[in-house]
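K.L.:
any chance you could fold what I've pasted below:
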Amino acid sequence: MTAPIVQQNQPDGVPPLELTGERTLPDVPEENYWFQRHLVVYRWIADQLAGKRVVDMACGEGYGSDLMATAAAQVTGVDANPEAFEHARLRYQRPNLKFVRELVEEYDEPCDAIVFLQTIEHVQEPKLLLERLFSRLPDNGALYVSTPNVLTLAPKGAERSDNPWHVHEYKPEEFADLCRSVAPVVEMHGLWHAGKLRLHELAIRHGRWDDLHKGLRFTKPFYDWFIPAISTGDFRLGQGDLSTSLDLIAVLRKA
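P.N.:
Model prediction:
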């Protein structure tokens, strides 16, 4: 039986979380690609939150809420999972940051912005939930939503990935249509590889990288170094051909 993978080097009194695939975790070398991929989106959003009251729905481990609290006036991280809530509450402590254990469908607090990242694919009734979140915003508020792009997440030719936690995985146009059915103004952005991840992607696409590292038997040593070395600089967030993007990011506004 494979031993569970848990977070490393947690502060005293903070219970480490186990990596299950349901949520992304920092402090797990094997998970660093996904952690950095999500962190770059949180940083991009944080740059737009100065002076705002923010609710981070389905905040998970809490790292994104903590990051946004370095810029926003107030951040509330909301998650229903008891282990994730307890971990976040104990680990991330700032005067303008708090965590609440509650279902995202039921939580209600005045705010200027709502952040809902990498979760809509887990939701049974996504339109109803987005409508509820969007209705809570003031006229100048914003709802930030992200989801993986099934066109790049799923194996070539497959309809979806094998992630058991996902209810539905979205194509770019499908995700955009969902968001536009809720909000009159929707900005669509994507996330792509950059830096050494882009070089690695090109090596796989145009060379015989898989044959080379397997033949020379350095697959494990290379990836044991490469994955923990990935940073937010190895991703690019912007606009472009969303069919090739890794993640889809929508900003929903009332005007």
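K.L.:
secondary structure element for the most centrally placed residue in the chain?
P.N.:
Centrality entry for the chain: nearest residue to the mean C-alpha point is residue 38, 3.9 Å, by Cα atoms, centre = their mean. Using DSSP states H and E, residue 38 sits in helix 32-46.
K.L.:
just to revisit the earlier point, contacting residues around the residue nearest to the centre of the chain?
P.N.:
24, 64, 117, 118 (Cβ atoms under 8 Å, 6 or more residues apart in numbering). For the C-beta atoms, the positions are set from N, CA and C on the backbone; glycine is no exception.
K.L.:
so it versus residue 177, what's the distance?
P.N.:
Relative to residue 177, residue 38 is positioned 24 Å away (Cβ to Cβ, to the nearest Å).
K.L.:
over to residue 255?
P.N.:
Counting by Cβ to Cβ, the gap from residue 255 to residue 177 is 20 Å.
K.L.:
next: residue 43.
P.N.:
Separation of residue 43 from residue 177 (Cβ to Cβ): 28 Å.
K.L.:
okay, those two: which has more neighbours?
P.N.:
More neighbours surround residue 43 than the other of residue 43 and residue 177, with 16 against 12 (other Cβ atoms under 10 Å).
K.L.:
poorly predicted segments of the stretch 51-200 of the chain, please.
P.N.:
Of all residues in the stretch 51-200 of the chain, none has pLDDT under 70.
K.L.:
show me the helices in it, by range?
P.N.:
Using DSSP state H, counting those that start in this stretch, the helices found in the stretch 51-200 of the chain span residues 63-68, 82-91, 126-135, 150-153, 172-180, 195-206.
K.L.:
most packed of those?
P.N.:
The highest average neighbour count among the helices of the stretch 51-200 of the chain, using mean count of other Cβ atoms under 10 Å, belongs to helix 63-68 at a mean of 24.
K.L.:
who touches it?
P.N.:
Residues from elsewhere that reach helix 63-68 (Cβ under 8 Å, 6+ apart): 26, 35, 38-39, 42-43, 45-46, 49, 54, 56, 59, 75-77, 88, 92, 94, 97, 99, 115, 117.
K.L.:
again, only this time at 6 Å
P.N.:
Contacts to helix 63-68, defined as Cβ atoms under 6 Å, 6 or more residues apart in numbering, come from residues 26, 42, 46, 49, 54, 56, 59, 75, 77, 92.
K.L.:
CA atoms of that helix as CSV?
P.N.:
Output of helix 63-68 as CSV, limited to C-alpha atoms (Å, rounded to 0.1, in the frame of the first residue of the first chain):
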residue,chain,number,x,y,z
TYR,A,63,-2.7,29.9,0.8
GLY,A,64,-4.6,32.0,-1.8
SER,A,65,-6.6,33.8,0.9
ASP,A,66,-3.4,34.6,2.7
LEU,A,67,-1.8,36.0,-0.4
MET,A,68,-4.7,38.2,-1.3
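K.L.:
would you pull up how far it lies from the middle of the chain?
P.N.:
Taking Cα atoms, centre = their mean, to the nearest Å, one finds helix 63-68 lying 11 Å from the centre of the chain it belongs to.
K.L.:
now do stretch 105-124
P.N.:
Relative to the centre of its chain, stretch 105-124 is centred 13 Å away, using Cα atoms, centre = their mean.
K.L.:
how about it: buried residues?
P.N.:
Buried positions in stretch 105-124, judged by neighbour count with 16 or more other Cβ atoms under 10 Å: 107, 111-123.
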